[in-house]
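*Asks:* structure, please.
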Amino acid sequence: MGLPIKLRHVPSRAAAGAFILNSGLGKRGLPDEAAAGLQGMAANAFPQLKQLSPKDFGKLVSTSEIALGAALLVPLVPTWLAALGLAGFSGSLLYMYTRTPGLTEEGSSVKPTQEGTGIAKDVFMLGMAGSMLVDELTSRKG
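*Replies:* Numbers count the residues shown, from 1 in each chain. Next comes the predicted model:
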């Protein structure tokens, strides 16, 4: 019995997983002021997040990123499941990007400003997730 991943998925999973895991590890013990800044941006897209304390929000983000990064890196997690997690994560970031003032150019909902480029690049992760999901759906047996 082999692993539930294909060799062709390893580069995408490794690149996204290492990036996200590193990001989550870097957010452990995030100062309340930094967590509040991230929370403010996230609340532009998901107002429910305002109900959390900045400390709890920071823990939630850090733990979520660590879990997703690990899921992408561990070959025992099926690709379809890891790719769904990556799609949800990157899709949420892109939704936040389009809802946060100053990240897109005036009159455009997608063209990034200089400040928005760091988040707009997450479109690559969404593309990676889409490619893995399409491959999983089109190459299943039976």
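
*Asks:* next SSE after the lowest-mean-pLDDT helix or strand in the chain?
*Replies:* Within the chain, confidence by mean pLDDT, DSSP states H and E is lowest for helix 117-120 among all helices and strands, at a mean of 87. Next helix or strand after helix 117-120 toward the C-terminus (DSSP states H and E): helix 123-138.

*Asks:* ok so, going back, list the buried residues in the least confident helix or strand of the chain.
*Replies:* Ile119, Ala120 (16 or more other CB atoms under 10 Å). All C-beta spots, glycine's among them, are computed from the backbone N, C-alpha and C.

*Asks:* now stretch 22-38
*Replies:* For stretch 22-38, by 16+ other CB under 10 Å, it's Gly24, Lys27, Leu30, Ala35, Leu38.

*Asks:* next one: the least confident helix or strand of the chain to chain centre, how far?
*Replies:* 12 Å (CA atoms, centre = their mean, to the nearest Å).

*Asks:* which residues are in contact with it?
*Replies:* Leu93, Leu94, Met96, Tyr97, Thr100, Leu103, Val110, Pro112 (CB atoms under 8 Å, 6 or more residues apart in numbering).

*Asks:* could you list which of these belong to helices?
*Replies:* Using DSSP state H, Leu93, Leu94, Met96, Tyr97 are the members of the contacts of helix 117-120 that sit in helices.

*Asks:* for the residues you listed, work out which two are farthest apart.
*Replies:* Farthest pair in the ones in helices among the contacts of helix 117-120 (CB to CB) is Leu94 and Met96. Separation: 7.2 Å.

*Asks:* of the contacts of helix 117-120 - the most surrounded one?
*Replies:* Tyr97 (24 neighbours; other CB atoms under 10 Å).
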